[in-house]
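Undergrad: got a sequence here, can you model it:
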Amino acid sequence: NWLNTITGYEAGALAGSAAGTDALEIKTGSASLFDVTDHNAGAFAFTLNTSDPHDIVAGDIVMVCDFSRAAIFQVSGVVGNVVSHAAGGAAPGNSTGNLGEAGNQYTFDTDDHATTLGRITATQWFVGANGRGGRSLFRNTLRTTAGVAAMVANEEVAEGVRDMQITYLLTDPGSGAPALVYVNAATVAAALRWDDVSAVRIVMTIEGNDQVGTNGQRLNRNIVQTINLRNRNP
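TA: Residues are numbered from 1 along each chain as shown. This is a model prediction of the structure:
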């Protein structure tokens, strides 16, 4: 589902996350973009700039765009600098080889470096049990292995992350007034307003390893970070 580039999960709703903790899913275009020099729409093939070495492989989920249109597809084959977008292929596969609206054929504009191609990145961040009696920050990441695109689950990122609470900045969802308020993921989802989120506030609770607190407790500290979504702000 590529409709929501940012999606939140409330209070353990994401599989694998600890009870009461929030999780965040982000889908973006990769920072590594490749210049398209030719598009043969009938042969379902893009030719990339030979002076710009690429690492695109069959099975990758990619986005291609020019000044008027963008399309997401799974790479059906790579031969040198030619990247194909034929129908079918490894799961999930392409429903059609055509990249135009409603399954129609569309030829991307390749004049004056108008078209670029890059991977789609999809990552879920969450707090879960680390198997050592504590919790850690984990991520699930979209990867391509042996031609198959799938989420690689439960990559441990940082030990000692006890909790993560996330809220999202919206115009007042109750009154429609211009005032901005931070609300939880359940409120955003109920209002179907993920596209209206303009900032994300993350409160992460970090737990120390040493039991030096009162009654031998581990010390906890909260780290607060507010992220402005630049493409959604004037």
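Undergrad: going forward, measure contacts between C-alpha atoms and count neighbours the same way
TA: Fine.
Undergrad: hey, which strand is longest across this protein?
TA: strand 116-129 (DSSP state E).
Undergrad: distance from the chain centre to the helix or strand bottoming out on mean pLDDT in the chain, please.
TA: In the chain, no helix or strand scores lower on mean pLDDT, DSSP states H and E than strand 180-183, which sits at a mean of 88. For strand 180-183, the gap between its own C-alpha mean and the chain's C-alpha mean amounts to 23 Å (C-alpha atoms, centre = their mean, to the nearest Å).
Undergrad: equivalent analysis for stretch 73-84, please.
TA: How far stretch 73-84 lies from its chain's middle: 22 Å, per C-alpha atoms, centre = their mean.
Undergrad: mind pulling up the pLDDT for residue 175?
TA: Note for residue 175: predicted pLDDT of 57.
Undergrad: which parts of the least confident helix or strand of the chain are buried?
TA: The neighbour-count check on strand 180-183 (16 or more other C-alpha atoms under 10 Å) flags 182, 183 as buried.
Undergrad: and the contacts of that strand?
TA: 167, 168, 169, 170, 171, 172, 201 (C-alpha atoms under 8 Å, 6 or more residues apart in numbering).
Undergrad: next one, pLDDT for the fourth one please.
TA: For residue 170, the pLDDT comes out at 88.
Undergrad: all further residue positions should be reported with the first residue as 479.
TA: Fine by me, first position is 479 from now on; the one you just mentioned is residue 648.
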